[in-house]
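Student: Sequence and predicted structure below; questions after.
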Amino acid sequence: MMSPAVAEWHADDVLGRVSRTGDVADLAGADWIVENIVEDPEAKRELYLRLREVCTETVRVAVNTSCMPITRIASLMPHPQRVIGMHFMNPVPLIDGVEVIRGQHTSDDTVKAAEEFAGSLGKRPIVVNDMPGFVSNRLSHLFMNEAAFLVQDGVAAPEQVDDVFKLGYGHRMGPLETADLIGLDTVVNSLAVLYDEFQDPKFRCCPLLKKMVDAGFLGRKSGRGFYDYTTSTAGAR
């Protein structure tokens, strides 16, 4: 379902309320911090060690990670009860739901505040418990990974795989279109997290995905992934 807030948004209005900074210290007075850096454990760790030095004890932190455990990230902050996962899914302006992940120490007050925050954005919060990948990406990355195996093994072309999901299951996007939108490098990194956390071979990354990332075919952001986005009909087959 499309978020009801989408129709009310205007780019100029949004940009007028956004300020930029490259200094973590500028976040010192924030009430909410929505963290959404690269899906890399060491990069996350370095950022949170910097945040803990500047944030007040009243700030709430929403971790927007694909797969990393919220409890582990929260342990880097002095007040883990005020850290919660908020997984905004791509494309964020169009997706109604937000996966809200309760860490081991996340307080009820923080869960309530996160639900209210999501609601203020026109989103519908879905509260789940902390485990790597949560619900959405523990399932979706299996779809995307196996879809890549189907292409690698010559079972079907990308558009055929995606059409099965759209025409057969009623999905708005197929798994390979979704992977291109997320970024194939992010998908590979997330699969690595899931594999490391669960030690389950079902999360082993398809070699084709790794090869495409090595080649610089990262999806929409690079102009090419499972589809070519460089033509005038970008994203078309």
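Tutor: Cool, the structure landed. Numbers count the residues shown, from 1 in each chain.

Student: distance of Val187 from Ala30?
Tutor: Distance of Val187 to Ala30, computed by CB to CB, to the nearest Å: 30 Å. The C-beta positions use only the backbone N, C-alpha and C, and glycine is treated the same way.

Student: swap in Glu46?
Tutor: Taking CB to CB, one finds Glu46 at 19 Å from Ala30.

Student: Who has more neighbours out of those two?
Tutor: Set side by side, Glu46 and Ala30 show more neighbours around Ala30, with 16 against 13, by other CB atoms under 10 Å.

Student: In terms of pLDDT, where does the spatially closest residue to Val24 that is not a sequence neighbour sit?
Tutor: Of all residues not flanking Val24 in the chain, Arg50 sits nearest, at 4.8 Å (CB to CB, 6 or more residues apart in numbering). In this model, Arg50 is scored at 94, pLDDT.

Student: Please shift the residue numbers so they start at 24 in all later answers.
Tutor: Taking 24 as the first residue, the last one we looked at is Arg73.

Student: which other helices and strands contact the helix or strand hosting Arg73?
Tutor: Assessed by DSSP states H and E, Arg73 sits inside helix 64-77. Taking 3 or more CB pairs under 8 Å, 6 or more residues apart in numbering; DSSP states H and E as contact, the helices and strands that helix 64-77 lies on are strand 55-58.

Student: Give me the buried positions along the strand it packs on.
Tutor: Buried positions in strand 55-58, judged by neighbour count with 16 or more other CB atoms under 10 Å: Ile56, Glu58.

Student: for stretch 42-56, same thing?
Tutor: Buried residues in stretch 42-56, counted by 16+ other CB under 10 Å: Leu50, Ala53, Ile56.

Student: what comes up buried for stretch 140-151?
Tutor: For stretch 140-151, burial by neighbour count (16+ other CB under 10 Å) applies to Phe140, Ala141, Gly145, Lys146, Pro148, Ile149, Val150.

Student: mind exporting stretch 166-173 as PDB, just the C-alpha atoms?
Tutor: Extracted in PDB, the C-alpha atoms of stretch 166-173 (Å, rounded to 0.1, in the frame of the first residue of the first chain):
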ATOM      1  CA  PHE A 166      14.400 -14.800  -2.300                       C
ATOM      2  CA  MET A 167      17.000 -12.500  -3.900                       C
ATOM      3  CA  ASN A 168      19.800 -15.000  -3.400                       C
ATOM      4  CA  GLU A 169      17.900 -17.900  -4.800                       C
ATOM      5  CA  ALA A 170      16.700 -15.800  -7.700                       C
ATOM      6  CA  ALA A 171      20.300 -15.000  -8.500                       C
ATOM      7  CA  PHE A 172      21.100 -18.800  -8.500                       C
ATOM      8  CA  LEU A 173      18.200 -19.300 -11.000                       C
END
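
Student: List the contacts of it.
Tutor: 179, 181, 184-185, 188, 197-199, 201-202, 210, 214, 226, 228-229, 231-232 (CB atoms under 8 Å, 6 or more residues apart in numbering).
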